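**Student:** fold the following and give me the result.
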Amino acid sequence: MIIDLSCYPTDLVDLAWRHDGDPFTGERLLKMMDGPWTIRGKPRRIDKAFIQPPQGNTIYTHGVHEKEGKAAIREYMAYTEKMVTEHPDRFLGCFVYNPRYGTQNGAEEIARYAREFDFKMVQLQANMHAYRPDRALDWLRPAMRVCADLGLMVKLHTGDGPYSIPTEFYPIIREFPSVNFILAHFGVQTGGVYVFEPFQMALDAPNVYAESGWCLQSRIVEFAKELPKHKILFGSDTPPNEPGMWINLLEVLCHEPPQGLNLDEDTLEDYLGNNVARMIGLEPTAPPRSVEEAEAYLRNHGIALETA
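**Tutor:** Numbering: from 1, shown residues only. You can find the predicted model right below:
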């Protein structure tokens, strides 16, 4: 099973990235997920994706938009809610928590989205929401208490300074040992390269995991040698990225050293989605053992394949 941790379908222009062209809708994301993507010589699809609003559309916009508090939160979460409701077999909900709309408001909305729409994850975007996480613990505690009570994963945007350096999240991680924290982008973004911090944090803390997307190829090989197999998770950050580049990042681990590790396909499948499946209570599935098995799976799910 392949599960992408980081996708951002929208019916609006992303206020941060300001992408050209039409909005990257849920329908466009589904088409992209269907691929097919060639992995170990076999055609595959991305089975499920965690979706959330583009983070630029979740910033505090007092004086720009009319709504405040819970009304503003529900406005920026509306399209994600719609897509999760319409495509529950493919999309999993991720709630974006912005404490500037009210910490209690956000905490109550996390609980509502988890109970009413089966959301499994919450994201913190400290850099775009403009707070330093190790100095804003009172802003984070109400939300983290809900995540602990409901068993929700927490994805942390990392890589940008000054407010998304991975170790800045260590105080809240230590305070909530029952919450599984995922360090998104492996500490790499356009504003910084902090790959060694997620690596060390995932080694040291039982409740810290590293998302593979954005990691450097040479480093993912080094880190996969040391990290427990369940600590590496796949996420593409789509858009602006597309999934294939980060699928290939992990697939290279199956190559011979020094570029790879002679990784077996079952462990690759763990990285690509089975690790996350276990974390959210889904049954893991084995990778297809042949091209024919992979093609039959895709056809059974309505994906047309080109014939030679």
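
**Student:** where's residue 276, which helix or strand?
**Tutor:** Assigned by DSSP states H and E, residue 276 falls within helix 275-279.

**Student:** tell me what that helix is packed against?
**Tutor:** strand 3-7, strand 232-233 (3 or more Cβ pairs under 8 Å, 6 or more residues apart in numbering; DSSP states H and E). Yep, even glycine has a C-beta here, placed from its N, CA and C like the rest.

**Student:** what lies in contact with it?
**Tutor:** With contact meaning Cβ atoms under 8 Å, 6 or more residues apart in numbering, helix 275-279 is reached by 1, 3, 5, 153, 180, 209, 229-234, 283-285.

**Student:** cool, stretch 217-227 as well?
**Tutor:** Around stretch 217-227, the neighbours that count as contacts under Cβ under 8 Å, 6+ apart are 186, 195, 199, 202-203, 210, 212, 215, 232, 249-250, 252-253, 258-261, 263.

**Student:** can you check stretch 52-69 too?
**Tutor:** 7-8, 10, 12, 14-17, 72, 75-77, 79-80, 93-96, 98, 100-102, 105, 123, 125, 128-130, 157.

**Student:** what mean pLDDT does it have?
**Tutor:** Across stretch 52-69, pLDDT averages out at 78.

**Student:** ok, the closest residue to residue 284 other than its chain neighbours - contacts?
**Tutor:** What sits nearest to residue 284 in space, not counting adjacent residues and going by Cβ to Cβ, 6 or more residues apart in numbering, is residue 274, at 3.8 Å. By Cβ under 8 Å, 6+ apart, the residues touching residue 274 are 1, 284-285.

**Student:** who wins for neighbours among those residues?
**Tutor:** Scoring the contacts of residue 274 on neighbours with other Cβ atoms under 10 Å, the highest-scoring entry is residue 1 at 19 neighbours.

**Student:** was I right to think that one contacts residue 47?
**Tutor:** Yes - at 5.1 Å, residue 1 and residue 47 qualify as touching, with contact defined as Cβ atoms under 8 Å.

**Student:** any shared contact partners between the two?
**Tutor:** With contacts defined as Cβ under 8 Å, 6+ apart, the residues adjacent to both residue 1 and residue 47 are residue 273.

**Student:** shaky segments in this structure?
**Tutor:** Within the chain, the ranges that satisfy pLDDT under 70 run 15-19, 61-65, 308.

**Student:** just how off-centre is the top helix by length along it within its chain?
**Tutor:** Among the elements of the chain assigned as helix by DSSP state H, the one spanning the most residues is helix 69-86. The chain centroid and the centroid of helix 69-86 are separated by 18 Å, computed with Cα atoms, centre = their mean, to the nearest Å.

**Student:** buried stuff in it?
**Tutor:** In terms of neighbour count (16 or more other Cβ atoms under 10 Å), helix 69-86 has its buried residues at 70, 72-73, 76-77, 79-81, 83-84.

**Student:** got it, and stretch 259-268?
**Tutor:** Buried positions in stretch 259-268, judged by neighbour count with 16+ other Cβ under 10 Å: 260-261, 263, 265, 267-268.

**Student:** quick one: which of these is nearest to residue 29?
**Tutor:** Proximity of the buried residues of stretch 259-268 to residue 29 (Cβ to Cβ) peaks at residue 268, which lies at 23.0 Å.

**Student:** quick one, what contacts the closest one?
**Tutor:** In this structure, residue 268 makes contact with 39-40, 250-251, 253-254, 287, judged by Cβ under 8 Å, 6+ apart.
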